[in-house]
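coords please:
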Amino acid sequence: MKLHELRDNPGATKSRKRVGRGPGSGMGKTAGRGIKGQKSRSGVAIKGYEGGQMPLYQRLPKRGFTKPNRKEYAVVNLGLIQKFIEAGKIDAGAPITEDVLVTSGLVRRKLDGIRVLAKGDVTAKLDLAVTGASKSAVEAVEKAGGSITLAATKAAE
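Now for the predicted structure:
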């Protein structure tokens with residue numbers, strides 16, 4: 001097979017329907033839009049309109065509440081911190097702050113703070129200073145002989 005022999009499968013591509021090109025095309029004059037009415041005009045977008053019937057988005061019940069100022073935490077698992085320590089990207093001897101986690105590349109940005117979760121194993125003796133941590137993460141770090149200092153008002157939610 002050569003480059004000039006490449007073809008799409010038969011029926012894979014269809015040519016564009018050219019409307020408004022005379023009566024012989026079968027799509028001339030009104031171009032398949034019918035006569036008069038809102039949809040025959042250009043510049044009409046009636047996405048949620050159901051012809052006077054109550055639209056679906058209004059018929060469905062609304063529930064719940066989205067807090068406009070809720071805090072968004074960057075999440076880090078203990079297993080990942082351990083992995084970065086073994087790779088030499090984080091120094092386990094020094095205290096591990098949120099800035100250290102960002103500069104090592106483990107977390108892209110701090111958001112409203114960094115929260116540590118207990119997924120994975122931790123063997124190194126860590127001295128973590130973060131915004132939040134789950135109870136199981138705190139237990140796992142203390143079991144390994146380390147400590148977690150929480151800057152957040154609520155330690156574990």
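
can you name the residues that contact Asp91?
By C-beta atoms under 8 Å, 6 or more residues apart in numbering, the contact set of Asp91 is Ile85. In short, each C-beta sits where N, CA and C put it, glycine included.

run through the helices of this protein in chain order.
56-59, 78-86, 98-104, 135-143 (DSSP state H).

these: which one's closest to Gln38?
Evaluated with C-beta to C-beta, the helices of the chain place helix 56-59 nearest to Gln38, the distance being 19.6 Å.

follow-up on the earlier one: right, so the helices of the chain: which one is the most enclosed?
Among these, helix 78-86 has the highest mean neighbour count (mean count of other C-beta atoms under 10 Å), at a mean of 18.

dump the C-alpha coordinates for that one into CSV.
Taking C-alpha atoms only, helix 78-86 is exported to CSV below (Å, rounded to 0.1, in the frame of the first residue of the first chain):
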residue,chain,number,x,y,z
LEU,A,78,0.3,9.1,52.4
GLY,A,79,1.4,6.5,49.9
LEU,A,80,2.4,9.2,47.4
ILE,A,81,4.3,11.1,50.0
GLN,A,82,6.2,7.9,50.9
LYS,A,83,6.9,7.3,47.2
PHE,A,84,8.3,10.9,46.7
ILE,A,85,10.5,10.4,49.8
GLU,A,86,11.9,7.1,48.3
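
what pLDDT, on average, does it get?
Mean per-residue pLDDT for helix 78-86: 88.

can you name every helix or strand that that helix contacts?
Using 3 or more C-beta pairs under 8 Å, 6 or more residues apart in numbering; DSSP states H and E, the elements in contact with helix 78-86 are strand 114-117, helix 135-143.

quick one: which of the ones you listed is nearest Ser25?
With respect to Ser25, and counting by C-beta to C-beta, the nearest of those is strand 114-117 at 62.6 Å.

helices and strands around the closest one, which ones?
Using 3+ C-beta pairs under 8 Å, 6+ apart, strand 114-117 is in contact with strand 74-77, helix 78-86, strand 127-130, strand 132-133, helix 135-143.

quick one on the thing from earlier: ok, which of the helices and strands packed on helix 78-86 comes nearest Leu80?
When the helices and strands packed on helix 78-86 are compared by C-beta to C-beta, strand 114-117 sits nearest Leu80, at 9.6 Å.
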